[in-house]
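>>> just to be clear, the model below is a prediction. Sequence and coordinates:
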Amino acid sequence: MILKKVNTVKEALKGVSDGMTFMLGGFGLCGIPENAISELVSLGIKDITCISNNAGVDDFGLGLLLQKKQIKKMISSYVGENDEFERQMLSGELEVELTPQGTLAEKCRAAQAGIPAFYTPAGFGTEVAEGKETREFHGKMYVMEKAYEADFAFVKAWKGDEAGNLIFKGTARNFNPCMCGAAKVTVAEVEELLPVGSLDPNQIHIPGIFVQRIFQGAHYEKRIEQRTVRKR
């Protein structure tokens, strides 16, 4: 059994450097790798490309990296609630590649499975398809999309064991699973890190073979992007 546990987030992020491409799990503010993002901010690395469904909010999540101008390019499906993301995109300070949400997920999953490219009908006839190969199947046009190539994937899970097996909880099981194993190195942070054999094999969502490093995170804020409450 190969144990993947590292003791600190600093050890988990060993090897990250300027100009790299990172995948970051999460949807809105749900299931984002808070500890890894905070460490990336502290390290001060720059000119990075981030692949994530969105960029958090102005003062949390990937928004913290945007504030420090550490991100050169964002690959995401929408701008979301981040005003700074919108400002940098419109001003030309930030390179942005907007991708249909399903295509973004599949480009991650394809990388995870070792599939170099695939065809999808999403985006045909729009700017998304510009400069890309297209092909007809059964009378319908498709766009060829290439799998992502990333240096690190940072994901967040509910529980994990020292061999890297992961269990996600609720909506946090979003982009995190398909990003595991989709980069050269996958780093998982978990709320609860257990010895090997503690997890029910039938409940494991991602086997440890897809994870290179795992550590127990701390001080999770788990913010709510848009809080809606019933009127009293």
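That came in fine, so what should we check first? Numbers count the residues shown, from 1 in each chain.
>>> measure stretch 11-29 end to end?
Using C-alpha to C-alpha, to the nearest Å, the end-to-end distance of stretch 11-29 comes to 24 Å.
>>> the longest helix seen in the chain: how far from the chain's middle?
Counting by DSSP state H, the longest helix found in the chain is helix 101-113. Distance, stretch centre to chain centre, for helix 101-113: 11 Å (C-alpha atoms, centre = their mean, to the nearest Å).
>>> which parts of it are buried?
101, 103-112 (16 or more other C-beta atoms under 10 Å). For glycine as for every other residue, the C-beta is placed from the backbone atoms N, C-alpha and C.
>>> how about stretch 135-147?
Across stretch 135-147, burial judged by 16+ other C-beta under 10 Å covers 142-143, 145, 147.
>>> related to what we said a few turns ago, C-terminal to the longest helix of the chain, what's the next element?
Next in sequence after helix 101-113, counting helices and strands by DSSP states H and E, comes strand 117-120.
>>> other SSEs contacting that following strand?
Packing partners of strand 117-120 (3 or more C-beta pairs under 8 Å, 6 or more residues apart in numbering; DSSP states H and E): helix 101-113, strand 140-146.
>>> need the ones you listed in JSON lines with mean pLDDT and distance to Arg227, can you?
Listed next are these as JSON lines, based on pLDDT from 0 to 100; distance: least, C-beta to C-beta, whole Å:
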{"stretch": "helix 101-113", "mean pLDDT": "97", "distance to Arg227": "23"}
{"stretch": "strand 140-146", "mean pLDDT": "98", "distance to Arg227": "35"}
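>>> and of these, who's closest to Asn53?
The minimum distance between Asn53 and those falls on helix 101-113, with 6.6 Å, by C-beta to C-beta.
>>> picking that back up, dump the helices and strands packed on strand 117-120 to a markdown table, plus distance to Thr49.
Formatted as a markdown table, the helices and strands packed on strand 117-120 follow (distance: least, C-beta to C-beta, whole Å):
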| stretch | distance to Thr49 |
| --- | --- |
| helix 101-113 | 13 |
| strand 140-146 | 14 |
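>>> ok now do Phe168, which residues does it touch?
Contact analysis of Phe168 by C-beta atoms under 8 Å, 6 or more residues apart in numbering lists 31, 157-158, 176-177, 205-206.
>>> now do the strands in the protein.
For the chain, the strands defined by DSSP state E cover 21-24, 48-51, 71-76, 95-98, 117-120, 134-137, 140-146, 150-161, 166-167, 183-194, 213-216.
>>> tabulate those (TSV), appending distance to Gly63.
Formatted as TSV, the strands of the chain follow (distance: least, C-beta to C-beta, whole Å):
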stretch	distance to Gly63
strand 21-24	12
strand 48-51	11
strand 71-76	10
strand 95-98	14
strand 117-120	29
strand 134-137	35
strand 140-146	27
strand 150-161	15
strand 166-167	25
strand 183-194	18
strand 213-216	23
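>>> wait, which of those strands is closest to Glu127?
Among the strands of the chain, strand 95-98 comes nearest to Glu127, with 8.6 Å by C-beta to C-beta.
>>> for that closest one, name the packing helices and strands.
strand 71-76.
>>> centre of the chain to the strand it packs on, how far?
How far strand 71-76 lies from its chain's middle: 12 Å, per C-alpha atoms, centre = their mean.
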